[in-house]
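**Q** For reference, the sequence and a predicted model appear below.
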Protein chains: 2
Amino acid sequence: MMKRNSRLSLALHTLSHMAQDIDRTQTSSEIADHAGTNPVVVRRVLGKLRKAGLLTSERGHSGGWRLARPSHEISLADVYLALEESLVAPRSEPEPHSCQVERHLEGRVIEILNEVEATLLDRLSATTIAETGGDEPQLENL
Amino acid sequence: MMKRNSRLSLALHTLSHMAQDIDRTQTSSEIADHAGTNPVVVRRVLGKLRKAGLLTSERGHSGGWRLARPSHEISLADVYLALEESLVAPRSEPEPHSCQVERHLEGRVIEILNEVEATLLDRLSATTIAETGGDEPQLENL
DNA sequence: CCTTTCGCAACTGCTTAAGTTACGAACCGA
DNA sequence: TCGGTTCGTAACTTAAGCAGTTGCGAAAGG
């Protein structure tokens, strides 16, 4: 059902919602229902965010997920890095090449991809989860 | 046998070799042997480059592949675009979202990915195939 | 003609990721 | 203490994408 980059989409979507209702703990099932997926997938993705210190989870009655820190202190880059994926740079280590041309070429390409990855992180760092809630009023009762 | 981004790797590798021996037409089989793959895969990838006007191919005796223009007039970006892949932006059109938060969020993410894609094209445009031959002397008998 | 070579369609794995099932561990309230 | 809730995790299933492979027709030319 879900498409490409689904983990990042799911992570951002969930955090964005949590930022809008900061006092409520949400269960994997609730999140899964809203995102159109299932609880195990949610736990897999949010588990990465927990390891990175962006979320906390608790088991048992009235357990579930909460933001580990204020939403304006969580950038999109934090989320991206927490998932330990890489959109542009290769995930696996390069294999040795017998061909001189290929070695030289690959070096140049990797150099470019690293620059691009850095650009991506820079852009993602410029936005926080707090800024992703949309134009609608927050309805906070401060 | 081949790994991620294999099509781009194969395309660049092949063009780079052709640039070093401009007078020789190479068959799919020769290219496949050198690249450790097979002729059909080579034709699939190089066919894209032909459609983009980077290569020509001829059938029959003494047929094969040649550069369609000088290697210093072919940038890495030309090759990347010829393959019609996208490393960062999603290939498929976005599906409609019922959720306001998700719509807003996705808009912001797509905006960022488009910037990053533009950066990638900019960097790839800065290098031509002629510059990717490695440090070894060209051994041309002019 | 007959061989070479590309063009292309169809099929077979292989790999990766999502989805699903199952079960144990932790937690909490009654 | 007991029983239900919720996470944690492993194992399996399903689906999609891509390289690899086979086969055959079309074009080219010696």
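**A** Received, thanks.
**Q** Which pLDDT does the model give the nearest residue to residue A:86 once chain neighbours are set aside?
**A** When the adjacent residues along the chain are set aside, residue A:86 lies closest to residue A:117, with 6.6 Å between them (C-beta to C-beta, 6 or more residues apart in numbering or on different chains). Yep, even glycine has a C-beta here, placed from its N, CA and C like the rest. Confidence at residue A:117, expressed as pLDDT, is 96.
**Q** isn't residue A:117 right next to residue A:88, touching?
**A** Yes: the pair residue A:117 and residue A:88 passes the contact test of C-beta atoms under 8 Å, sitting 5.0 Å apart.
**Q** neighbour-wise, which of those two wins?
**A** The residue with more neighbours, out of residue A:117 and residue A:88, is residue A:88; 20 against 17, by other C-beta atoms under 10 Å in any protein chain shown.
**Q** could you say which helix or strand contains the more buried one?
**A** Following DSSP states H and E, there is no helix or strand that holds residue A:88.
**Q** Next one: it, what pLDDT does it get?
**A** For residue A:88, the model assigns a pLDDT of 84.
**Q** Over to residue A:94?
**A** Reading off the confidence values, residue A:94 has pLDDT 70.
**Q** does it sit in a helix, a strand or a coil?
**A** What DSSP: H, G, I helix; E, B strand; the rest coil gives for residue A:94 is coil.
**Q** For it, the count of nearby residues, please.
**A** The tally of other residues near residue A:94 (other C-beta under 10 Å) stands at 11.
**Q** Now do the contacts for the residue nearest to residue A:25 when sequence neighbours are not counted.
**A** Take residue A:25 and drop its neighbours on the chain: the residue closest to it by C-beta to C-beta, 6+ apart is residue A:64, 3.8 Å away. Counting by C-beta atoms under 8 Å, 6 or more residues apart in numbering or on different chains, residue A:64 touches A:25-28, A:30, A:57-58.
**Q** In PyMOL, how would I select the buried members of the residues you listed?
**A** The PyMOL selection below is limited to those of the contacts of residue A:64 classed as buried (16 or more other C-beta atoms under 10 Å in any protein chain shown):
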select buried, chain A and resi 25+26+28+30+57
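**Q** and the contacts of residue A:64, which two are the farthest apart?
**A** Distance extremes for those: the farthest pair is A:30 and A:58 at 14.3 Å, using C-beta to C-beta.
**Q** In chain A, which residue is most central in space?
**A** Centrality entry for chain A: nearest residue to the mean C-alpha point is residue A:79, 3.4 Å, by C-alpha atoms, centre = their mean.
**Q** Quick check: that one vs DNA strand D, distance?
**A** Computed with C-beta to the nearest atom of the strand, to the nearest Å, the distance linking residue A:79 and DNA strand D is 17 Å.
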